[in-house]
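Undergrad: Quick one, what's the 3D model for this:
(4 chains)
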Number of protein chains: 2
Amino acid sequence: MKVMSTPYETGGRSAQKARTRDALVAAARDLVAAGVTPTVEDAAAAASISRTTAYRYFPSKRALLLAAHPEIAAASMLPADPPHDPAARLDAVVANFTAMILDTEAQQRTMLRLSLEADAAERDPLPLRQGRAIAWIAEALDGVRGDLSDQQFRQLVLSIRATIGIEAIAWLVDVAGLSRNDAAALTRWSAQALLHRATTTPPPAPSRSGRKGRPSRATSDPISNTPAEPGSTRP
Amino acid sequence: MKVMSTPYETGGRSAQKARTRDALVAAARDLVAAGVTPTVEDAAAAASISRTTAYRYFPSKRALLLAAHPEIAAASMLPADPPHDPAARLDAVVANFTAMILDTEAQQRTMLRLSLEADAAERDPLPLRQGRAIAWIAEALDGVRGDLSDQQFRQLVLSIRATIGIEAIAWLVDVAGLSRNDAAALTRWSAQALLHRATTTPPPAPSRSGRKGRPSRATSDPISNTPAEPGSTRP
DNA sequence: CAGTTCGTGGGACATGCGTCCCATGACGAG
DNA sequence: CTCGTCATGGGACGCATGTCCCACGAACTG
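TA: Numbering: from 1, shown residues only, chains lettered A, B, ... in the order given. Model (predicted):
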């Protein structure tokens, strides 16, 4: 049977604990945003907290830094007067998204690395946070939503997201040796290719068995996963 | 000026050093292939070597494990009687490649993680090893090679590789929550989309400035990067 | 006000990484 | 054979992660 370990924060005196935790996360976020990957001791000291207490709130440095990931607040990536053509809309979103990724590349790479550090089946899968890219892409593709089934539409969005993410950029730069600009241009082209192909040959529908990976959070709507706000990092 | 630190293995008594190094790498490779991520001490002990000596050959655990990455030996991923249609050839290669990735998923994820661990500009960029996927894809697409410029062809190959790699699979599974089979099916579809788009709208040519990332190894031919054989891991 | 609860801090411990210094012992040159 | 070079081994150190135990002190309870 499963034990479902209750987090440390539940129970009496919760206000004090919430303050402590928020201070810790905020301090860690500041350090991460400053471009460094802080030690647990560093983050604790920055929050005027003891190292021991920090470990009472997060089981590992990885968990703390994941919770401290600065989230982009923008609700949309479309320009002020967005075009109607889905291809143009997608291209605008991809261009903005890629520019944002490259602007914060160090943080993006850190988070990517952290998300992979649960190499073997860890004790707790540590829910991975999903950014807003999926919502941004879906918004750009609103015009073709009716041409596909919900599941096909979601698959298309996912394939585009997988193509333009930091994982792809990092591979193109590190291994393939492209410049960052060339990598960005290539992912833009790839996104267009996926969209165009979807209008003639839709992506495969997912298997009936549903998701078998480690979903980042439960969701009923197949598209609009609403990630946490920058301030509220607690589940 | 750059110091170009000469590796420990150069100089007198090189045969002995080569034997020591090979034993260490072989021991590490066995452990990695067994699914674990050994400590430096483990790998050294498995090679009947002291920990100190191991550090004489590799500056970090990361460098040792990267050198120990088991390489797939297959020279081609096409079936025995390959079709002529480029789309069919590519699909066969992508299917085989993806199956291989999922078969060795733990190792692939470990290597991906290691390749990202040079987060900030490390002391030594530690040349990343490039698998044979690029050669396999290029072979599958031989039929369309004449329709594109060399550079466009390479961009197409790179975009396909970026789409079907472990990075994309890991994101689709971990974050998007797809099952491994669904993720594989989606990358197959994506690869087809990229190929089909390339025949009508070729990928963008890279900027004149050339590669600005950290190329894994010098190469004259833009396509056929020949990675190291499993046995010879020394540069 | 007295007693319990509970968040916190401090210190110790074990492990792993990476570095340094020094001893040992095998190899090769004279 | 002898001496010096050189690969190796052993042990120590500093640092970070993660765990554990115990004491302090503030807040809640009666």
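Undergrad: need the helices for chain A, in chain order.
TA: With DSSP state H as the criterion, chain A has helices at A:14-33, A:40-46, A:51-57, A:61-67, A:86-103, A:105-116, A:133-140, A:150-164, A:166-174, A:180-200.
Undergrad: Any chance of TSV for the ones you listed, columns distance to B:R51 and mean neighbour count?
TA: Where C-beta positions appear, they are placed from N, C-alpha and C, glycine not excepted. Below are these laid out as TSV (distance: least, C-beta to C-beta, whole Å; neighbours: other C-beta atoms under 10 Å in any protein chain shown):
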stretch	distance to B:R51	mean neighbour count
helix A:14-33	32	17
helix A:40-46	26	18
helix A:51-57	28	16
helix A:61-67	25	20
helix A:86-103	39	19
helix A:105-116	26	20
helix A:133-140	43	23
helix A:150-164	40	24
helix A:166-174	29	24
helix A:180-200	39	21
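Undergrad: can you tell which of the ones you listed is closest to B:T20?
TA: B:T20 lies closest, by C-beta to C-beta, to one member of the helices of chain A: helix A:166-174, at 29.7 Å.
Undergrad: name the helices or strands packed onto that closest one?
TA: helix A:86-103, helix A:105-116, helix A:180-200, helix B:150-164, helix B:166-174 (3 or more C-beta pairs under 8 Å, 6 or more residues apart in numbering or on different chains; DSSP states H and E).
Undergrad: Swap in 6 Å and give it another go.
TA: Helices and strands touching helix A:166-174, as assessed by 3 or more C-beta pairs under 6 Å, 6 or more residues apart in numbering or on different chains; DSSP states H and E, comprise helix A:180-200, helix B:150-164, helix B:166-174.
Undergrad: Would you reformat those as a markdown table and include distance to B:A138 and mean pLDDT?
TA: Conversion of the helices and strands packed on helix A:166-174 to a markdown table gives the following (distance: least, C-beta to C-beta, whole Å; pLDDT from 0 to 100):
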| stretch | distance to B:A138 | mean pLDDT |
| --- | --- | --- |
| helix A:180-200 | 16 | 97 |
| helix B:150-164 | 5 | 97 |
| helix B:166-174 | 19 | 96 |
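Undergrad: quick one: which of those helices is nearest DNA strand D?
TA: Among those, helix B:166-174 comes nearest to DNA strand D, with 18.5 Å by C-beta to the nearest atom of the strand.
Undergrad: Can you name the residues of chain A sitting close to DNA strand D?
TA: Within chain A, the positions near DNA strand D by C-beta under 7 Å from any atom of the strand are A:R13, A:T39, A:V40, A:E41, A:R51, A:T52, A:Y55, A:P59, A:S60, A:K61, A:R62.
Undergrad: So for the second one, what's the pLDDT?
TA: At A:T39, the model reports a pLDDT of 97.
Undergrad: Just give the number of residues close to it.
TA: Number of residues near A:T39 (other C-beta atoms under 10 Å in any protein chain shown) recorded here: 12.
Undergrad: How about the contacts made by A:S159?
TA: Going by C-beta atoms under 6 Å, 6 or more residues apart in numbering or on different chains, A:S159 touches A:L194, B:L186, B:S190.
Undergrad: can you tell me how far the closest residue to it other than its chain neighbours sits from B:I137?
TA: The spatial neighbour of A:S159 that comes closest, neighbours along the chain excluded (C-beta to C-beta, 6 or more residues apart in numbering or on different chains), is B:S190 at 4.8 Å. According to C-beta to C-beta, to the nearest Å, B:S190 and B:I137 sit 13 Å apart.
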